[in-house]
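In: have a look; sequence and predicted model below, questions after that.
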Amino acid sequence: MARHPMLVRITHWINFLSFLALAVSGVAILIAHPRFYWGESGYFDTPAAFELPLAVNLDQTGWGRDLHFLGAWAIVLNGLIYVVWGLFSRHFRFDAYSSLQRFAYLCVVFALLPVAILTGVTMSPAITAAYPVLFSLFGGRQSARTIHFFAADLLVLFLVIHVALAIRTGVVTSMMSLRIRQQ
Amino acid sequence: MLLSACKDSLPPTFGSLFDASNSLTFASHRFLLRNQPLVREFTRDKITQNFPAINETNPKSDRYQKLLAGGFAEWRLPIEGLVARPTEFSLANLKSLPSRTQVTQHNCEQGWSAIAEWTGVPLARVLQEAGMLPQARYVVFHTVDGWWDSLDMFDALHPQTLLAYGMNGGELPVAHGAPVRLRVERQLGYKHLKYVSRIDVTEHLDDVEDGTGAVGAAYGYSWYAGI
């Protein structure tokens, strides 16, 4: 099988590591308050849209938030390099992928990741001071937090299926292989 | 403009591998906020019920309890350091200065958020009263129970940064930091110190306490809490 170019392989694995960092640290942050709300405000005394059956742990958000924002910068900057290079090198071809694959990748790159990023920054009192339109976009701070959780869950689901299929179809046999399987 | 903002006040570093991303976050936020926008202010009907009071809600120290019993008539807030006129403000002094009332959302780092009305004196006005000197770069806040934190001038002088003595139309309750708590609206809740007892104006943070800019650093909390 042909292999993807070196830059594709490198950015892909950086994305993978960044995403792992985001997922793990995301859990660390989540367990500080495993209740979700809709709208602008929400706290212990208000009814939750839903609660997760997890014990509250307030001690993991120090390293959790640091790692989460490191992963966020990595995935955004690395992702930008990949997309810009991909456009210029005409790397983005659809003929090597099934329609289901194309749908999944387009969803991730143009829907789930942007939503995860935008809802993430909507939880920033600083960024939203500059761009309060973010609140209108998502229906309030707590709505953004809830949407962020769902986007993250869908991204994890994508990761699990993606890895399983990649191993099963043989396009990945080692960390740096990443082959193109011709349809 | 971006470079001078970087040079003048990068956040204190904790000597960890997160310095790069935290500094990038800080610099990019300061660029986005360069025109000093205000955070949203709501109408009073948006005030939420039973605003959570977490962490310390009633300092045990004899001194605080005595001040509380006396209605904080004897309470004084010293403003020290790089000021021409080191001053001790009484609660009445602070209330006699022009006040600001703002209905804003408090965003806790834990994930919850609630809206309240805060009334207080802009910190900038208090610093002006004390004659803050031109070389001042940071404002350090100490609380009655030994907690401390700091802001740089970009946040300290923001119009919505208050020494708040009122909440939801009444006196700031004990559970929420009576008699005075800090409001710094473009950062997360843990920067909004309750029970403010002393303010120090400084040029550097590395010679203040352990040099990390905030006691929270020891618990892993980022000095800059804009996200």
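Out: Nice, thanks for sending it over. Numbering: from 1, shown residues only, chains lettered A, B, ... in the order given.
In: residues in contact with the residue in chain B that chain A sits nearest to?
Out: Chain B approaches chain A most closely through B:G220 (2.0 Å), counting by Cβ to the nearest Cβ. (Each C-beta comes from the backbone N, C-alpha and C, glycine too.) B:G220 sits next to A:61-63, A:66 when contact means Cβ atoms under 8 Å, 6 or more residues apart in numbering or on different chains.
In: of those residues, list those near chain B.
Out: For chain B, the contacts drawn from the contacts of B:G220 by Cβ under 8 Å from any Cβ of the partner chain are A:61-63, A:66.
In: top of the residues you listed by neighbour count?
Out: In terms of neighbour count, A:T61 stands highest of these at 24 neighbours, by other Cβ atoms under 10 Å in any protein chain shown.
In: got phi/psi on that one?
Out: phi -80, psi -20 (degrees, to the nearest 10).
In: for it, which non-adjacent residue is closest in space?
Out: A:A32 (5.0 Å; Cβ to Cβ, 6 or more residues apart in numbering or on different chains).
In: tell me the contacts of the one you found?
Out: A:A32 neighbours (Cβ under 8 Å, 6+ apart): A:56-58, A:60-61, B:109-111.
In: in chain A, which spans are helices?
Out: A:6-30, A:61-88, A:99-107, A:113-121, A:125-130, A:133-138, A:141-169 (DSSP state H).
In: which residues touch A:I117?
Out: Neighbouring residues of A:I117 by Cβ under 8 Å, 6+ apart: A:72, A:76.
In: for it, give its distance to B:R30.
Out: Plainly put, A:I117 is 20 Å away from B:R30 if you go by Cβ to Cβ, to the nearest Å.
In: give me the neighbour count for B:P86.
Out: 13.
In: which ones are touching it?
Out: Residues near B:P86 by Cβ under 8 Å, 6+ apart: B:78-80, B:130.
In: list buried residues within those residues.
Out: B:79, B:130 (16 or more other Cβ atoms under 10 Å in any protein chain shown).
In: strands - which of the contacts of B:P86 land there?
Out: B:78-80 (DSSP state E).
In: so what's B:E56 closest to, chain neighbours aside?
Out: Ranked by Cβ to Cβ, 6+ apart and with sequence neighbours excluded, the top spatial neighbour of B:E56 is B:D145, at 5.7 Å.
In: for that neighbour, phi and psi?
Out: Dihedral angles of B:D145 (phi, psi; degrees, to the nearest 10) stand at phi -110, psi 30.
In: relative to B:N55, how far out is it?
Out: B:D145 sits at a distance of 10 Å from B:N55 (criterion: Cβ to Cβ).
In: who has more neighbours out of these two?
Out: The neighbour count for B:D145 versus B:N55, taken as other Cβ under 10 Å, is higher for B:D145 (14 against 10).
In: which residue does chain A bring closest to chain B?
Out: Of all residues in chain A, A:G62 sits closest to chain B, at 2.0 Å by Cβ to the nearest Cβ.
In: that residue contacts B:Y221, correct?
Out: Yes: applying Cβ atoms under 8 Å, one finds A:G62 in contact with B:Y221, separated by 5.6 Å.
In: ok, back up a step: who wins for neighbours among the contacts of A:A32?
Out: Busiest of these [other Cβ under 10 Å] is A:T61, holding 24 neighbours.
In: hmm, that residue is touching A:L30, no?
Out: No: the criterion here is Cβ under 8 Å, and A:T61 misses it with A:L30 at 9.6 Å.
In: what residues does the residue nearest to B:W75 when sequence neighbours are not counted make contact with?
Out: Spatially, and ignoring its direct neighbours in sequence, B:W75 is nearest to B:L67 (4.8 Å; Cβ to Cβ, 6+ apart). Counting by Cβ under 8 Å, 6+ apart, B:L67 touches B:74-75, B:179.
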